[in-house]
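Novice: fold the following, please.
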Amino acid sequence: MNMQDLLDKAKDTLDNAKNTLGLEPQETEAGIYIPSTSSLKIAAPNKTNYDHTNYDNPYTGDKKIMMVCTEEQYMTMENGNKFDTGNHPVEMMVPLLHFKKAGFDVDVFTPTGEAVKVEQWAMPEDDDDVKQIYSEYESKFNNPNSIADFVKNDMADSTEYAAIFIPGGHGAMLGLPEDKNLGALLRWGHDNDLFTLAICHGPAALLAADLNSPDSSDEGNSERDFIFKGYKMVAFPTVMDKQMPKIGYLPGPMPWYFAEKLEDLGVTIDNKLASGQTHQDRKLISGDGPLAANDFGKMSAKALLKEFG
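Specialist: Below you'll find the predicted structure:
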């Protein structure tokens, strides 16, 4: 047996072991994958850590939260495999539960008004609170508002929003970071003192606000710094994304890593692990992943109530 035969046999043995241990991504259609069974047990538990916090003086005004979601579902990995993604349901629903308790209504937006894509395989099936709020918002997810239409027709005169909320899931890296209308929206929000709330991979969408990008719609301000330059935040760390293929959560290496691009623009990513950390820097509130969803929702709700309550 030559060396190549030995290498091929070793690879076959490893592949068989991965299958036995549930470490292979699950192929749902030709070339399309969801995470391995083992990685889902670790990363997508059936119940969240939502703690049912009550807020003493819920908001009664007319300011709302704008929730920016992805309308794209498949991330093409470096090896050509497609990852079936979207927004992560825990990072969507747990903050929504806190916003509801705090008295804030939420409008849902996608770039063009196409339906929100959700990582249904991450839905916590034993969490009645999450399933209930998902049911309440399902029609909004299926028929969201259009960011493009809002920017064109309503943004200049709008005073109805208190915050822009961007949930995570790898789908937040699809379509949003390069969307010029989202960039205009984020810059408008920053200039008008709105809160920006972003969790896990949601901060990838903040890249749309880069005024020096080819998608910048504001040529007169091309010399301005990135609006979040000098800010600190937490987000899903690159080092962990690079490990995800090893446990079959991702079906291959990602095509790019958003945290590196934010750091290039002057943002400090203040965490090395996704352990449930949150952070507030001025009016930018961030969380590092699904474990942070509860505390992120609480921190955001309390900051909004302090500002507008």
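Novice: name the SS class of Ala204, please.
Specialist: Look at Ala204: counting by DSSP: H, G, I helix; E, B strand; the rest coil, its state is helix.
Novice: thought it was touching Gly175?
Specialist: No. Between Ala204 and Gly175 there is no contact under C-beta atoms under 8 Å: 10.4 Å. Backbone N, C-alpha and C define where each C-beta goes, glycine included.
Novice: pLDDT value on Gly22, please?
Specialist: Here the pLDDT value assigned to Gly22 is 76.
Novice: meant to ask about Ser300
Specialist: 98.
Novice: am I right that it sits in a helix?
Specialist: Yes. Assessed with three-state DSSP, Ser300 lies in a helix.
Novice: distance-wise, check it relative to Asp128.
Specialist: Applying C-beta to C-beta, to the nearest Å, the value for Ser300 to Asp128 is 22 Å.
Novice: and what of Met75?
Specialist: Met75 is 30 Å from Asp128, by C-beta to C-beta.
Novice: all helices of the stretch 101-250 of the chain, in order?
Specialist: 128-142, 147-153, 180-191, 238-241 (DSSP state H, counting those that start in this stretch).
Novice: picking that back up, so between Met75 and Asp128, which is more surrounded?
Specialist: Per other C-beta atoms under 10 Å, whichever of Met75 and Asp128 has more neighbours is Met75, with 20 against 10.
Novice: can you tell me the closest non-neighbouring residue to that one?
Specialist: Phe83 (4.4 Å; C-beta to C-beta, 6 or more residues apart in numbering).
Novice: ok, Val239 - contacts?
Specialist: Residues in contact with Val239 (C-beta atoms under 8 Å, 6 or more residues apart in numbering) are Lys272.
Novice: go again using 10 Å as the cut-off
Specialist: Contacts were defined as C-beta atoms under 10 Å, 6 or more residues apart in numbering; by that measure Val239 touches Tyr257, Ala259, Lys272, Leu273, Ala274.
Novice: repeat that for Lys47.
Specialist: Val90, Pro124, Glu125, Asp126, Asp127, Asp128, Asp129, Val130.
Novice: any idea how far the closest residue to the last one other than its chain neighbours lies from Pro167?
Specialist: What it means is Val130. Among residues not flanking Val130 along the chain, Met93 sits closest, at 4.4 Å (C-beta to C-beta, 6+ apart). Met93 is 9 Å from Pro167, where distance means C-beta to C-beta.
Novice: what of Ser146?
Specialist: Following C-beta to C-beta, the distance that separates Ser146 from Pro167 is 18 Å.
Novice: out of these two, which sits in the busier spot?
Specialist: Neighbour totals were compared for Ser146 and Pro167, and Pro167 leads with 33 against 17 (other C-beta under 10 Å).
Novice: next up, phi/psi of the nearest residue to Thr76 once chain neighbours are set aside, please.
Specialist: Nearest non-adjacent residue to Thr76, counting by C-beta to C-beta, 6+ apart: Lys82, 5.6 Å away. Here is the backbone geometry of Lys82 (degrees, to the nearest 10): phi -110, psi 130.
Novice: hey, which of the helices of the stretch 101-250 of the chain is tucked in deepest?
Specialist: Per residue and on average, the most neighbours among these fall to helix 180-191, with a mean of 21 (mean count of other C-beta atoms under 10 Å).
Novice: elements contacting that helix?
Specialist: strand 64-68, strand 106-110, helix 147-153, strand 161-166, strand 195-199 (3 or more C-beta pairs under 10 Å, 6 or more residues apart in numbering; DSSP states H and E).
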